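**Student:** what's the 3D shape of this:
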Amino acid sequence: MSLVSQREAASTLGISQAMLSKMLKRCEALSETAIDSNGNRKRKREGKFNSMDEALLFWFKQAPAMNAPLNRGVLKVKAKNFAQGLGISDFVASDGWLSRWKERNGIVYKKLQGEKQDCDVAGAENWLKLKWPPVLQKYDPQNIFNLNETALYYRATPDHCLIFKNSEATAGKKMKDQLTVLLLCNMTGLKKIKPLVLGKSRIPRCFNGVKNLPVNYAINSKAWMTSTLFADFL
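**Tutor:** Here you go, the predicted structure:
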């Protein structure tokens, strides 16, 4: 079958060429709309800054290959960069714009699946009921201290990320670079001991030019607490 021009088609249909042109554009727009799970046609909504929105969506689709969880802050900064590169001067990366962009593209905020840690809740409750009261009676609250040791994974990525609604939120290998921080405070909260931070490097680069630290700093080959370091701290 040979192709005919719009003018010939319009003449055959008995309508104007302008009307036919509008109908063809309407058909093209309808073909780009989505169909939901119930077979209903959904209106395709576009943002004010289409070129920037499309560039951001393309970049967002490449993010899983980078193993970099994305959050609101990262998307806003990237959107501003794209807008600047495209010469868009009146763009504002507001919460409202981001919410509409996510809704248009079916993007939601999910928690990344990782390892789950179990704790002995029953044992802790039993200790508080049976062991703690007798100890509490022997000392004044200002002389009762609580000490906690925690690992600070300073290169770890967030536990939540933005992702397409029907996609699985999986994380890549997490960075395990860490510092160990020891925190000590009395029961009244009036006496806080300067924290102890354990690192691997004797003089880290970030200490260059720093004369006074707000913490005590010590070193260990694995940035872990040892009995000798703990005794010195006490």
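**Student:** so residue 223 sits against residue 181, correct?
**Tutor:** No - look at residue 223 against residue 181 with CB atoms under 8 Å: they stay out of range, at 10.0 Å. Quick note: C-beta positions are derived from backbone N, CA and C, even for glycine.
**Student:** any shared contact partners between those two?
**Tutor:** residue 198 (CB atoms under 8 Å, 6 or more residues apart in numbering).
**Student:** okay, and residue 108 sits in which element?
**Tutor:** strand 107-111 (DSSP states H and E).
**Student:** low-confidence ranges, the chain, go.
**Tutor:** 1-4, 9-10, 12-15, 19-20, 23-48, 64-69, 110-119, 158-163, 165-174 (pLDDT under 70).
**Student:** now the residue nearest to the spatial centre of it: how far from residue 228?
**Tutor:** Nearest to the mean C-alpha position of the chain, by CA atoms, centre = their mean, lies residue 71 at 3.5 Å. Residue 71 sits 41 Å away from residue 228, going by CB to CB, to the nearest Å.
**Student:** the chain: helices as residue ranges?
**Tutor:** 6-13, 17-31, 50-62, 72-85, 95-105, 121-130, 132-138, 227-233 (DSSP state H).
**Student:** the fourth one: which residues count as buried?
**Tutor:** Right, helix 72-85. Buried residues in helix 72-85, counting neighbours by 16 or more other CB atoms under 10 Å, are found at 74-76, 78-79, 82-83.
**Student:** what angle sits between it and helix 95-105?
**Tutor:** 90 degrees (axes from the mean of the first three to the mean of the last three CA atoms, to 10 degrees).
**Student:** can I get the CA coordinates of helix 72-85 in PDB?
**Tutor:** Extracted in PDB, the C-alpha atoms of helix 72-85 (Å, rounded to 0.1, in the frame of the first residue of the first chain):
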ATOM      1  CA  ARG A  72      16.800  13.700  48.300                       C
ATOM      2  CA  GLY A  73      19.900  15.800  48.800                       C
ATOM      3  CA  VAL A  74      21.900  14.000  46.100                       C
ATOM      4  CA  LEU A  75      19.000  14.300  43.600                       C
ATOM      5  CA  LYS A  76      18.600  18.000  44.300                       C
ATOM      6  CA  VAL A  77      22.200  18.800  43.800                       C
ATOM      7  CA  LYS A  78      22.300  16.700  40.600                       C
ATOM      8  CA  ALA A  79      19.200  18.500  39.300                       C
ATOM      9  CA  LYS A  80      20.800  21.900  39.900                       C
ATOM     10  CA  ASN A  81      23.900  20.800  38.000                       C
ATOM     11  CA  PHE A  82      21.800  19.600  35.000                       C
ATOM     12  CA  ALA A  83      19.700  22.800  35.000                       C
ATOM     13  CA  GLN A  84      22.900  24.900  35.000                       C
ATOM     14  CA  GLY A  85      24.400  22.800  32.200                       C
END
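**Student:** if anything else comes up later, I'll come back, but that's it for now.
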